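K.L.:
Fold the following for me, if possible:
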Amino acid sequence: MTDFHDKARAAEAAMRDVFALTPLLRNVHLSERFGADIWLKREDLGPVRSYKLRGAYNAMRQQPDQDLFVCASAGNHAQGVAFMCRHLGVKGVIFMPVTTPQQKIQKTRMFGGDQVEIHLIGDYFDVTLTAAQEWCASHGGHFLSPFDDQHVIEGQASVAVEIEAQLGTAPDFVLLPVGGGGMSSGVATWFGDRSHCFFIEPAGGACLRAALAAGHPVTLDHVDTFVDGAAVGRIGALPFELLKHVPLSDSLTLEEDRISATIIEMLNVEGIVLEPAGALAVEALGDVQAQIRGKTVVCVTSGGNFDFERLPEVKERAQRYSGVKKYFILRLPQRPGALRDFLDILGPEDDIARFEYMKKSARNFGSVLIGIETGAPENFARLFARLDDAGFTYTDITNDETLAQFVI
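P.N.:
Predicted structure coming up:
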């Protein structure tokens with residue numbers, strides 16, 4: 001691995017011509033909460049608000065005579081490539097999923113200016129990737145993979161080079177978000193057995209965990225795009241070669257709603273803006289709390305490209321996960337005073353967030369969709385007990401994903 005370390009060091013040194021080190025900051029709030037010395041490697045504070053600039057630059061500087069680069073990206077790699085196209089004065093053709101948040105599309109245009117053109121194709125990254133590769137094969141240019149490229153991996157490993165220099169030693173634990181595996185494989189390879197790495201994925205895109213279980217990369221049947229920066233259906237072949245030895249117990253998956261709670265907490269408590277993928281490592285601290293107690297821990301906050309138009313959805317997911325918001329279908333009698341009877345049952349911290357008549361299920365009853373926000377999860381047990389005592393018929397649909405996606 002000496003050659004890998006030399007190349008990662010060279011990549012990190014070259015980056016100082018483009019941007020300064022991203023901060024490594026000790027977080028008092030998290031350190032006290034989890035009983036460990038917890039540091040955040042703030043890749044969300046880089047020039048394009050993610051680590052992706054590192055791999056893009058390192059790979060592009062290996063092609064000094066190339067004047068056209070083609071890439072596929074869910075957003076952050078696109079911004080890194082666009083930034084470097086303008087910096088190096090070369091052309092870029094960037095393919096992004098149609099579902100990419102507008103903030104990432106607009107920032108890509110801003111960073112690249114006249115040097116790049118953008119094509120929006122496909123609902124999922126893997127469809128976009130195929131389209132980009134086909135375009136490159138027919139039109140020429142150098143295809144720049146977001147993660148399945150040795151130079152990209154070495155460039156992403158510069159995150160680890162900086163962490164060790166800033167901390168003065170290798171940390172005891174490193175928590176790494178995983179998408180296609182470029183950054184996680186590069187950082188894990190740099191630290192080797194000097195640090196214990198945990199690999200964090202969203203439940204709707206756990207391609208590393210699936211590959212570890214199968215012994216080889218596999219394509220997921222379905223990918224949830226909420227954590228767009230890590231919504232990859234198949235881990236890269238090169239990253240997996242570096243990660244195939246990882247114990248399955250070090251591969252962690254987090255529910256999307258749970259990640260939303262961390263985004264809200266970090267925004268409200270710390271004033272830190274993280275995109276869903278950027279919050280993965282922080283949220284996983286609770287899963288490894290017993291192991292990290294008293295140790296030095298680094299969480300890589302991989303990105304902060306958060307579109308604030310998504311904030312209502314993120315807040316909604318966070319409230320549902322924490323148990324302070326529920327939706328249910330109420331069978332309401334069609335008689336004068338029935339609504340007043342229901343309102344009188346609500347507790348002092350219970351607020352109606354949604355009230356919508358769905359239909360009359362019978363001449364004397366109607367179905368009502370009701371959303372309730374409350375101050376503490378235990379309030380719902382008391383509310384439902386009062387509804388039962390009053391003889392109301394209701395169905396809690398909060399966790400019914402099939403039904404909720406149509407009516408909530």
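K.L.:
now the farthest one out in this protein, which residue is it?
P.N.:
Distance from the C-alpha centroid of the chain peaks at residue 336, with 48.7 Å (C-alpha atoms, centre = their mean).
K.L.:
For that one, grab phi and psi.
P.N.:
Taking degrees, to the nearest 10, you get phi -60, psi 140 for the backbone angles of residue 336.
K.L.:
mind checking pLDDT for it?
P.N.:
Residue 336 is assigned 83 on the pLDDT scale.
K.L.:
Enumerate every residue touching it.
P.N.:
Residue 336 makes contact with no residue under the criterion C-beta atoms under 8 Å, 6 or more residues apart in numbering. Heads up, the C-betas are built off the backbone N, CA and C, glycines and all.
K.L.:
show me where the stretch 1-150 of the chain has helices.
P.N.:
Using DSSP state H, counting those that start in this stretch, the helices of the stretch 1-150 of the chain run over 2-15, 28-34, 52-60, 76-88, 102-112, 125-139, 150-156.
K.L.:
Out of those helices, which gets nearest to residue 226?
P.N.:
Nearest to residue 226 among these is helix 125-139; the distance by C-beta to C-beta comes to 13.0 Å.
K.L.:
quick one: buried residues of the closest one?
P.N.:
By neighbour count on 16 or more other C-beta atoms under 10 Å, the buried set for helix 125-139 is 125, 126, 127, 128, 129, 131, 132, 135, 136.
K.L.:
Direction-wise, compare that helix with helix 76-88 and give the angle.
P.N.:
With axes from the mean of the first three to the mean of the last three C-alpha atoms, to 10 degrees defining the directions, helix 125-139 sits at 40 degrees from helix 76-88.
K.L.:
Let's verify the nearest residue to residue 41 once chain neighbours are set aside: helix, strand, or coil?
P.N.:
If the residues on either side of it in the chain are set aside, residue 41 comes closest to residue 300, at 4.7 Å by C-beta to C-beta, 6 or more residues apart in numbering. Following DSSP: H, G, I helix; E, B strand; the rest coil, residue 300 is assigned to strand.
K.L.:
ok, residue 300 - contacts?
P.N.:
By C-beta under 8 Å, 6+ apart, the contact list for residue 300 reads 41, 43, 51, 159, 174, 175, 176, 177, 183, 187, 281.
K.L.:
for the protein, which spans come out with low pLDDT?
P.N.:
By pLDDT under 70, the low-scoring segments of the chain are 1, 359-363, 404-408.
K.L.:
residue ranges for the strands of it, please.
P.N.:
Counting by DSSP state E, the chain has strands at residues 24-26, 37-42, 68-72, 91-96, 116-120, 142-143, 173-177, 196-202, 251-254, 296-301, 325-333, 351-362, 365-373, 393-396.
K.L.:
between the ones you listed, which gets nearest to residue 4?
P.N.:
strand 196-202 (15.4 Å).
K.L.:
okay, the angle between that closest one and strand 173-177?
P.N.:
Angle of strand 196-202 versus strand 173-177, following the same axes, to 10 degrees, is 20 degrees.
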